[in-house]
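A.B. asks: below is the structure, and that's it, no one-letter string:
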C-alpha cells in the first residue's frame, strides 16, 4: 500500500502534463535557434526595429487604416492516444479564447486594477479557423494526425512530417498552431525571421482551449501568450533581471510572476504602480491574466503594416471560399501501438507490420534463436514486410530491432 501511495505522489510531482508554473520556453527556444543560425539575430533585430514604438502614447499611423486584422488559423493535432485527438469543440474554444482576449471582450477585464485600466487595449485582431487550405480545397482548419511519438520536445520535430509531426501550411498566409503532448512545457513560439516551415506556435494539449483542461491553465491563455510572441511581443520583464520588453506603457519588473497575486508589487523602481503581473505576457495563472496594453497592440499591429513581416496575412485566401469542395481525408491511426507479427505460429512466411510507426522502415531487424544466435537479417523496406522463414528449423525465435535507442523484441514459433 505504501508503494502505491508513493507512486501516486511521484506521478503528481513529475508528470509532464501538470505544470507548477507556466512553462513558456520561447526565450530558451530563441537562444537555441540563434546558436544554430547566428544570422537570425540580425534578422530579428531588423524586424524589431520596424515595429518598436517610441515611449509615448501617440497612436501609430502605420496600421490605423486597417480596422480589424483577421488571421486564418490551422491547428495541427498530433496524437498518440485517442484522448490526445482533441475535439473540434475544444479547438473552437481556443479560437474563442483568442478572440475574447485580443478584442478585450473578456469579462474579467473589469478586474484590471484602476492604475492600469487606462492602458488596456482592444487589439482589433481576430482569429478564425481556415476555410480554404493552401491548395484551394475546403478545410475545417483542423488537421489530426496519428504519430508514434509519445512526447514532443522543443526540437521542432512536431512541425515536420519527416519527423512524424505535421508540415506547416504556408506561413505567409496562415497562423500554424501545433498541439501535442509536450515534455514539461506549456508551449513556445517561433522566432521572428526564422524558417517559414517552423513558423507558428506549439501548445501542450493539456493547456489548449477551455474544454478538457485543468486550472490554473484552463482559460486558453497559454495560446494567447504564445501567439503574443508570434506577433512580436516579449515577456513583460524583457527576459532579464529588470529587463525591457520595448513597450512604452509596460513598467519594468524584476522577473516573471507565478500564481495569482493581488495588490501592488514594487520591483525595479516601478513605484507607485508596481508590476503589471496581470498582463498576458507574464506567467501568472490564467484566471489572473487580464490585458494587453496599447503599446503592445501597436507593436503587434505594426507587423501587418505595408512591408511588415506579417503583411502577407492580410491578403491570405485562408478565409475565402474554397475553389474545390474536396476535403482531404483525415489520416486514421492504427488500432495497435506496437510491432505486429503474424501468422504466429508460422511455417514459411512471416509478416512484420510496422504501420503504427513507419520510422522502422529502413531499419535492420534480426531473427535470433533461443541461444541468441542470429539466423538471418533483413532491412524493413515497407510498413508491411514479408520475411521468408521457411529454412528455419522448428522452434522458438525472436525478431529483434533497434530504432533510435528503442528496442523491439517479438517472439514467434516456427512450425
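C.D. replies: The structure has been received and is ready for your questions. On a predicted model such as this, the values are computed, not experimentally measured, just so you know.

A.B. asks: how far out from the middle of the chain is stretch 95-113?
C.D. replies: 22 Å (C-alpha atoms, centre = their mean, to the nearest Å).

A.B. asks: what does stretch 386-405 give?
C.D. replies: Counting by C-alpha atoms, centre = their mean, stretch 386-405 comes out at 39 Å from the chain centroid.

A.B. asks: then stretch 136-153?
C.D. replies: Taking the mean of its C-alpha atoms, stretch 136-153 sits 11 Å from the chain's own mean (C-alpha atoms, centre = their mean).

A.B. asks: equivalent analysis for stretch 31-43, please.
C.D. replies: Its chain's C-alpha centre and that of stretch 31-43 lie 20 Å apart, by C-alpha atoms, centre = their mean.

A.B. asks: okay, now it: how far is its last residue from its first?
C.D. replies: Using C-alpha to C-alpha, to the nearest Å, one end of stretch 31-43 lies 14 Å from the other.

A.B. asks: poorly predicted segments of this protein, please.
C.D. replies: The model of the chain has pLDDT under 70 over residues 1-21, 53-62.

A.B. asks: please repeat the previous calculation with a cut-off of 90.
C.D. replies: 1-23, 49-66, 81-82, 324-339, 355-360, 402-408 (pLDDT under 90).

A.B. asks: just the helices in it please.
C.D. replies: Using DSSP state H, the helices found in the chain span residues 2-14, 26-36, 39-51, 88-102, 114-117, 221-230, 294-302.

A.B. asks: nearest approach to residue 339 belongs to which of those?
C.D. replies: Across the helices of the chain, the minimum distance to residue 339, taken as C-beta to C-beta, is reached by helix 2-14, at 27.9 Å. C-beta coordinates here come from the backbone N, C-alpha and C atoms, glycine included.

A.B. asks: would you list the helices of the chain in TSV and tack on mean neighbour count and distance to residue 352?
C.D. replies: TSV is the format used below for the helices of the chain (neighbours: other C-beta atoms under 10 Å; distance: least, C-beta to C-beta, whole Å):
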stretch	mean neighbour count	distance to residue 352
helix 2-14	9	34
helix 26-36	16	37
helix 39-51	15	43
helix 88-102	20	36
helix 114-117	13	62
helix 221-230	26	41
helix 294-302	24	52
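
A.B. asks: so which of those gets nearest residue 389?
C.D. replies: Closest among the helices of the chain, using C-beta to C-beta: helix 2-14, at 41.4 Å.

A.B. asks: how many neighbouring residues does residue 76 have?
C.D. replies: Number of residues near residue 76 (other C-beta atoms under 10 Å) recorded here: 22.

A.B. asks: and it, how far from residue 130?
C.D. replies: 12 Å (C-beta to C-beta, to the nearest Å).
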